[in-house]
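J.: Here you go, sequence then predicted model.
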Number of protein chains: 2
Amino acid sequence: MEARDKILETAGRLFSAQGYDGTSLSQVAREAKVSKALIFWHFETKEHLFREVVSRTIEPYAMKLDLEGLSEPDALAKLVDHYYQFVSRNSSSVRFFLGLFLRRDSRPEEMFAQVLEQYGLFRNQVAQVIERGQQRGTFSSRVRAAAHAGVVIAALNGMLVEGFVSEQREREAETAIAEIKETLIDPIRIS
Amino acid sequence: MEARDKILETAGRLFSAQGYDGTSLSQVAREAKVSKALIFWHFETKEHLFREVVSRTIEPYAMKLDLEGLSEPDALAKLVDHYYQFVSRNSSSVRFFLGLFLRRDSRPEEMFAQVLEQYGLFRNQVAQVIERGQQRGTFSSRVRAAAHAGVVIAALNGMLVEGFVSEQREREAETAIAEIKETLIDPIRIS
DNA sequence: GTCTATATACAGATAGAC
DNA sequence: GTCTATCTGTATATAGAC
């Protein structure tokens, strides 16, 4: 691998594990087996390196999902599965972004618009699938679609955060998903 | 206020807003209007100051709640209200702890056992209230108590985290709570 | 207990040889 | 592109006067 990429890879790993302030360029240089000066030659400043790392990390967040031909309950189940799996697989970077969002200062602006935009798209999909199911008679009309969608998403996020905090074991991921489906999808399903 | 307390107060505010690495003792000294040397005289090292701040911050987490005389659905609603309000009111320190938990390294061990213990107690209370309600006929027996409790708590946490990320407006707190009750408590209520 | 002055280390960043 | 050597600032921490 070329030095530039090696630096990006190492910096990404260290930033996400230790944060921006907690990671020195000396450490990056040491672990990437290059000189500090080379980092500055390639990236100008620590801040620029960081932004480059973030940009790369965000790329896989543009997730598209094909829900054609599925009943609304199945589509909702698929959305839930997909979201949970995506976050689990990218947990290192999701933790990192969440950590940044939690800090009052360091509002890193435009960069995170991408993350929030993808998240907004997902939220809309969930709400729309429930609404459509109610119109087409596959979901009960007794619930308010928007409220129910909000709780589904909150439950997902809550399960995921709990996994972050308690050093998630693989098995529990399956359980978490099953509980959400059992509690929030099955009871409003009609078909 | 005495200098020692002034230092603790200032350090607490700055640590929780900027993190450990992001807060220098020069800044603490400046804002607390004392010399840096005095901080070392009182706390020996930055690490010790930090631990002292954390210990103080954790104190109000030992929350007790009286549920005597309430029906199980009302007790569950009260638990939900109380948890949400507590986290909202202590959001600064909760954000801070969550941020620490998200970091791979810096597992600050024993100190956080207290936070996790209180959290575990709350989880148990929720599960037990649901079980008891099922035994006494105030909650539907069609759901699995443990699973339902897990989803209630996850939804709570998810709503709270979302509030952290999107700079919560007050009004939405009420909405969030109402949605959880409407979606996860009312449907299994019998009385 | 509180201060000023200082020691020591390491951070981000630059100069210039190869 | 990559290095060694170095500059400059600021961090944690100490010494010692009051």
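T.: Right, received. Where do you want to start? Owing to the predicted nature of the structure, the values given are computational and were not obtained by experimental measurement. Numbers count the residues shown, from 1 in each chain, chains lettered A, B, ... in the order given.

J.: do the helix or strand containing residue A:26 and DNA strand C meet at all?
T.: For residue A:26, the host element (DSSP states H and E) is helix A:25-32. Yes - counting by Cβ under 7 Å from any atom of the strand, DNA strand C has neighbours in helix A:25-32: A:25-27. Just so you know, the C-beta spots here come from the backbone N, C-alpha and C atoms, and that holds for glycine as well.

J.: which one of those residues has the most neighbours?
T.: Within these, most neighbours by other Cβ atoms under 10 Å in any protein chain shown means residue A:25, with 19 neighbours.

J.: What residues does chain A have near DNA strand C?
T.: A:23-27, A:36-37, A:40-41, A:44-47.

J.: Now the buried members of the residues you listed.
T.: The neighbour count (16 or more other Cβ atoms under 10 Å in any protein chain shown) marks A:23, A:25, A:46 as buried among those.

J.: Could you tell me the per-residue confidence at the second one?
T.: Each residue has a pLDDT score; the one for residue A:25 is 98.

J.: show me what contacts it?
T.: A:36, A:39, A:46, A:49 (Cβ atoms under 8 Å, 6 or more residues apart in numbering or on different chains).

J.: What segments of chain A are helices?
T.: For chain A, the helices defined by DSSP state H occupy A:3-18, A:25-32, A:36-43, A:46-58, A:72-89, A:91-102, A:113-136, A:145-165, A:170-180.

J.: Out of those, which one sits most buried?
T.: Of all the helices of chain A, helix A:145-165 has the most neighbours on average by mean count of other Cβ atoms under 10 Å in any protein chain shown, namely a mean of 22.

J.: CA atoms only for that helix, dumped as CSV, please.
T.: Output of helix A:145-165 as CSV, limited to C-alpha atoms (Å, rounded to 0.1, in the frame of the first residue of the first chain):
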residue,chain,number,x,y,z
ALA,A,145,-48.1,6.1,11.5
ALA,A,146,-45.7,8.9,12.3
ALA,A,147,-45.6,8.1,16.0
HIS,A,148,-45.2,4.4,15.5
ALA,A,149,-42.4,5.0,13.0
GLY,A,150,-40.7,7.2,15.6
VAL,A,151,-40.8,4.6,18.2
VAL,A,152,-39.5,1.9,15.9
ILE,A,153,-36.5,4.0,15.0
ALA,A,154,-35.9,5.0,18.6
ALA,A,155,-36.0,1.4,19.7
LEU,A,156,-33.5,0.5,17.0
ASN,A,157,-31.2,3.3,18.0
GLY,A,158,-31.6,2.4,21.6
MET,A,159,-30.7,-1.2,21.0
LEU,A,160,-27.7,-0.2,19.0
VAL,A,161,-26.4,2.3,21.6
GLU,A,162,-26.8,-0.3,24.2
GLY,A,163,-24.6,-2.6,22.2
PHE,A,164,-22.0,0.1,21.9
VAL,A,165,-21.9,0.6,25.6
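
J.: Does anything pack onto that helix? Which helices or strands?
T.: helix A:72-89, helix A:91-102, helix A:113-136, helix A:170-180, helix B:91-102, helix B:145-165, helix B:170-180 (3 or more Cβ pairs under 8 Å, 6 or more residues apart in numbering or on different chains; DSSP states H and E).

J.: Make CSV from those and add mean pLDDT to it.
T.: Below are these laid out as CSV (pLDDT from 0 to 100):
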stretch, mean pLDDT
helix A:72-89, 96
helix A:91-102, 89
helix A:113-136, 93
helix A:170-180, 87
helix B:91-102, 89
helix B:145-165, 95
helix B:170-180, 87
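
J.: Would you format these as JSON lines with distance to DNA strand D included?
T.: Shown next, in JSON lines, are those (distance: least, Cβ to the nearest atom of the strand, whole Å):
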{"stretch": "helix A:72-89", "distance to DNA strand D": "30"}
{"stretch": "helix A:91-102", "distance to DNA strand D": "20"}
{"stretch": "helix A:113-136", "distance to DNA strand D": "27"}
{"stretch": "helix A:170-180", "distance to DNA strand D": "38"}
{"stretch": "helix B:91-102", "distance to DNA strand D": "17"}
{"stretch": "helix B:145-165", "distance to DNA strand D": "26"}
{"stretch": "helix B:170-180", "distance to DNA strand D": "35"}
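
J.: Could you check these and tell me which one is nearest residue A:157?
T.: Counting by Cβ to Cβ, residue A:157 lies closest to helix B:145-165 out of the helices and strands packed on helix A:145-165; the figure is 3.6 Å.

J.: distance between that closest one and the chain's centre?
T.: 13 Å (Cα atoms, centre = their mean, to the nearest Å).

J.: Kindly calculate the angle that that helix makes with helix A:145-165.
T.: 90 degrees (axes from the mean of the first three to the mean of the last three Cα atoms, to 10 degrees).

J.: before we move on, back to that, tell me which of the buried ones among the residues of chain A next to DNA strand C is nearest to chain B?
T.: Of all those, chain B sits closest to residue A:23, with 9.3 Å by Cβ to the nearest Cβ.

J.: ok, the closest one touching residue A:10?
T.: No - Residue A:23 is beyond contact range of residue A:10, at 9.6 Å (criterion: Cβ atoms under 8 Å).

J.: domain ranges for chain A?
T.: Split into domains by automatic domain parsing, chain A comes to A:3-58, A:62-188.

J.: Please state the offset of the first one from the chain centre?
T.: Here domain A:3-58 is found 22 Å from its chain centre; the criterion is Cα atoms, centre = their mean.

J.: Quick one: end-to-end distance for it.
T.: Taking Cα to Cα, to the nearest Å, domain A:3-58 runs 22 Å from one end to the other.

J.: coming back round to it: could you save the buried ones among the residues of chain A next to DNA strand C as JSON lines and add columns showing distance to residue A:148?
T.: Output for these, formatted as JSON lines (distance: Cβ to Cβ, whole Å):
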{"residue": "A:23", "distance to residue A:148": "42"}
{"residue": "A:25", "distance to residue A:148": "48"}
{"residue": "A:46", "distance to residue A:148": "45"}
